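1. Kindly return the folded structure for what I paste below:
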Amino acid sequence: MMKLRPIFQYNLLLGLLMIVLTACGLGEAPTPIPTMTFSAPTLAPSPTVSFRSSGELDSSGGANDPTAAALPRDAALPPIVLATAAPGLAQRVEVVMRDGSFLEGTLYQASDIRVPGVLLVSYSDEEEWGDFPRRLRSAGFTVLVIRLRETSGVDDMADLLATLSEIGSVDPSRLAVIGSARGADTALVGCAVDQRCDAVALLSPLTRGTLLNLMAEYNPRPLFTTASASDPEAYDTAEALISASRGASRFIPYDNAGRGAQMLAFADGLTDELINWLVENVAGG
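-> Model (predicted):
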């Protein structure tokens, strides 16, 4: 039998190995490693930047009010004066709400001396209050009159109380809220959960069940209510609230004096009774 020389054996094995590697694709030349490429500088012009003033960015004026800008973040904002009025006259103002919207109202103040503040709220036109805000001002109160929006609730009342407390002529430790009809319900809803509200007066409150459930939170703060017997929904609610009150409460019933703030014009003596109650329970008289 013929024997193979070692060198021949080595060459034969090497050849067989190359055939196997080629069949498996391992014998192909390696792929070149990609290298970084550079592009030439672009000749396209830079985009045009438009510069606008803060007034152009927000035409509402509220967010750019100097007084508001000076306050710390999340601080309550005082009302923004829309038109400057002579001392002793009413001023149209805007109140900045937490969602960035504005509620317009009227501010009645006699001077910069800090006095008790009263917030009047309703869902009707401000005219329904008649001369009551001026009479409150004459009695020694700073008064903010606001027409609520349909979505007003606890948050709006909290914002309005915070705003009232920030007015320069208001003593933030002596605040009262007076609500008319549906506004009376919202007033108690807000005051029940906000200790800044020291007293609440409800002119024809309406939703008996809801308001009774809130009395545990509101007590023992002072409560004033009034309603007409010809308005049974409001009358029953007012009576029930007075029965549930644990503070200095007062209920003045009438036979037929209308509903809400209109009662101030039609009910004999109601304006004086309400002002005297505020002086006694809020002003400390």
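
2. residues of the strand or helix carrying residue 214 that come out buried?
-> Element membership for residue 214, per DSSP states H and E: helix 208-218. Counting neighbours by 16 or more other Cβ atoms under 10 Å, one finds that the buried residues in helix 208-218 are 208, 211, 214, 215, 218. Just so you know, the C-beta spots here come from the backbone N, C-alpha and C atoms, and that holds for glycine as well.

3. Residue 202: which of these is nearest?
-> Nearest to residue 202 among those, counting by Cβ to Cβ, is residue 211 at 8.1 Å.

4. which residue ranges form the helices in this protein?
-> 6-23, 54-57, 66-70, 132-138, 154-166, 182-192, 208-218, 232-244, 263-266, 270-281 (DSSP state H).

5. and of the ones you listed, who's closest to residue 175?
-> helix 154-166 (6.0 Å).

6. what comes up buried for the closest one?
-> In helix 154-166, counting by 16+ other Cβ under 10 Å, buried: 156, 157, 158, 159, 160, 161, 162, 163, 164, 165, 166.

7. which one of the helices of the chain is the most hemmed in?
-> Greatest average neighbour count among those goes to helix 182-192 (a mean of 25), per mean count of other Cβ atoms under 10 Å.

8. tell me which strands and helices that one is in contact with?
-> Helix 182-192 sits against strand 115-122, helix 154-166, strand 170-180, strand 199-203, helix 208-218, with contacts defined as 3 or more Cβ pairs under 8 Å, 6 or more residues apart in numbering; DSSP states H and E.

9. Can you list the strands that the shortest one pairs with?
-> It stands for strand 199-203. The strands beside strand 199-203 in its sheet (DSSP bridges) come out as strand 170-180 (parallel), strand 223-228 (parallel).

10. what pLDDT, on average, does it get?
-> What strand 199-203 shows for mean pLDDT is 98.

11. Measure how it sits relative to strand 115-122, angle-wise.
-> 30 degrees (axes from the mean of the first three to the mean of the last three Cα atoms, to 10 degrees).
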